Structure formats: C-alpha cells, structure tokens
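[1] predicted model, plus sequence, below.
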Amino acid sequence: MSSSMVDVSIYLKGRDLDLGKVTDLLGINPTSVHVKGDKKVPSNENSARFATNIWSLSTRMDSSDVSSALLLLFSKITNLNNCLPKLVIDDAYIDVFLANTVDSEDMSNSIQFTIDAEVIRELSRYGLPIYFSACNVAK
C-alpha cells in the first residue's frame, strides 16, 4: 500500500520585488519569503546568500490528485493576473512536486498523474511556466 503527497507552489522572484506589495495586492500571506542578501542557512556564518527577493505560496495535500491541489492554489490567488503587471518580477512560475511512499521493491515503478482539462485552462490564464518533479520514497 502506497501513500502520496502533492505540494504545489507559486514563486514570484525579483531583485527589486517588493514582498509587502505582493502580499497586499494578492490579499494573502505567503507561505515563505526570502529577502535578497539574507543567509540561506542563518546559523551558518559562511552561508550563501539569496540573490533575489522571493515570495511563495504553497499548498500541500496528502493525495496524488495534482489537479485538486492546483485548483486549491488557484482559489487563493484569484487576482494574480491583475497583480503581476504592478510588480517588478524577474521570474514567476508554478511548481508541482509529487512524492509517493512505496515499498522498497516498488521504488522503480513509474509515477503517473493527470491534470484535468479545467486545470489546464486555468493554467493557461496565468501564462506561467510550470515545473514538475516526482519521486518514489521507500517506506
């Protein structure tokens, strides 16, 4: 018996991106922010530093239903298209990560998922690239 987890996120990045303005315009608090110049590992004195400001919003579900996870994310950013032109963004994208917990003998099995037509239409409204990652993890 396997279990699955899907994490979908939107990332907005920019050297001059005003993180507070993103939050104000979208009307939702981010899951995480990173400020240009901050240490990537705060406890490490020699840590690399963030080269850009990053605002992200993520949704995680204990499921393999990528479409439902994307729709949940979209429901939180309904006014994204109105906001993007008002922001100084160098990069923006949607990230999908799917992990299946499987028995060790099933580690080499393929990972399959579908994206419903409704979700594809919604994705096209935003005009953002989407990155997919998937892996099997042994129990």
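    Right, received. Where do you want to start? Numbers count the residues shown, from 1 in each chain.
[2] which SS class is the residue lying closest to residue 11 once chain neighbours are set aside?
    Leaving aside its sequence neighbours, residue 11 sits nearest to residue 56 (Cβ to Cβ, 6 or more residues apart in numbering; 4.8 Å). Yep, even glycine has a C-beta here, placed from its N, CA and C like the rest. Applying DSSP: H, G, I helix; E, B strand; the rest coil to residue 56 yields a three-state assignment of strand.
[3] can you tell me how far residue 56 is from residue 3?
    Computed with Cβ to Cβ, to the nearest Å, the distance linking residue 56 and residue 3 is 25 Å.
[4] so between the two, which is more surrounded?
    Using other Cβ atoms under 10 Å, the more surrounded residue of residue 56 and residue 3 is residue 56, with 16 against 13.
[5] the more buried one: what's it in contact with?
    Neighbouring residues of residue 56 by Cβ atoms under 8 Å, 6 or more residues apart in numbering: 9, 10, 11, 12, 30, 31, 32, 33.
[6] are any of these buried, and which?
    Neighbour counting by 16 or more other Cβ atoms under 10 Å classes 9, 10, 11, 12, 30, 33 among the contacts of residue 56 as buried.
[7] having no further points to raise, I will conclude here.
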